[in-house]
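[1] Build me a model:
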Amino acid sequence: MYFLGITGSIGSGKSTVSKRLAELGAVVSHSDDLARYLLENDVAILAQLSARFGTDILDDSGKLRRSVLAERAFSTKEDQLFLNQLIHPKVWEATQKRLETARERGAYMFVMDAPLLFEAGVEVYTDSVLVVTADALLRKARIFSRSQILAEDFDRRESLQMPIDKKIELADHIIENNGTLEDLYLQVDELYHRLTI
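    All right, here's what the predicted structure looks like:
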């Protein structure tokens, strides 16, 4: 089974690439979804986050107020590092379980879609890494059309990630998503078939 890690810059279309790989037959694990689940359900994690960022990150019923946490956790590199060091090991643990299940079921490819793949240091466990890129203006347009994120929030979050140039240097495969959906699918299909044959 081929283990592919996928990362990219905000708004690059990485999730569309993962979705297409799933349509082709890959088993896809989304690290963001795992992190979100842990943030909302792991009592020990919530306690540590409350101690660091304030008890008002939780509402009256004890549920995480994600926008409040995001505002605080992404305000500095130190705060983001704290969050990442808390979450990444547990996300990787859950990913390993999914990987083993996919292997037992005879999957041809397992995909770990992880925005912070290199930052978490888990790229070393993959067979190769795909970085999805797109022009900055196009990425911003995509993000602004589908979410309430502000331009300054976009820039701040992007500045807290590894620069895309560095990710490209570390990549084994690169897909540029500046064209049509059909163009993107052609690139993804070619990569899938090349890696699974």
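
[2] Check the burial of Val28 by counting its neighbours.
    22 (other CB atoms under 10 Å). Placement of C-beta: from N, CA and C, glycine included.

[3] Can you tell me the SS state at it?
    strand (DSSP: H, G, I helix; E, B strand; the rest coil).

[4] got the phi/psi numbers for Ile175?
    Reported as degrees, to the nearest 10, the phi and psi values for Ile175 are phi -120, psi 130.

[5] just checking, it touches Tyr185?
    No: counting by CB atoms under 8 Å, no contact exists between Ile175 and Tyr185, whose distance comes to 10.4 Å.

[6] Neighbour count: those two, which is higher?
    Ile175 (22 against 15).

[7] Quick check: the more buried one vs Leu86, distance?
    Distance check for Ile175 against Leu86: by CB to CB, to the nearest Å, it reads 31 Å.

[8] Repeat that for Ala94.
    14 Å.

[9] which helix of the chain spans the most residues?
    Longest helix in the chain, counting residues (DSSP state H): helix 77-104.

[10] pLDDT on that helix, on average?
    Helix 77-104 shows a mean pLDDT of 94.

[11] Can you give the distance from it to the centre of its chain?
    Helix 77-104 sits 11 Å away from the centroid of its parent chain (CA atoms, centre = their mean, to the nearest Å).

[12] cool, and stretch 13-31?
    With CA atoms, centre = their mean, you get 11 Å for stretch 13-31.

[13] Next, the buried residues of it.
    Residues of stretch 13-31 classed as buried by neighbour count (16 or more other CB atoms under 10 Å): 13-18, 20-21, 24, 26-31.

[14] Just the closest of the residues you listed to Ala44, please.
    When those are ranked by distance to Ala44 (CB to CB), Ser31 comes first, at 19.3 Å.

[15] Look up the closest residue to that closest one, ignoring the ones flanking it.
    Ala114 (3.9 Å; CB to CB, 6 or more residues apart in numbering).
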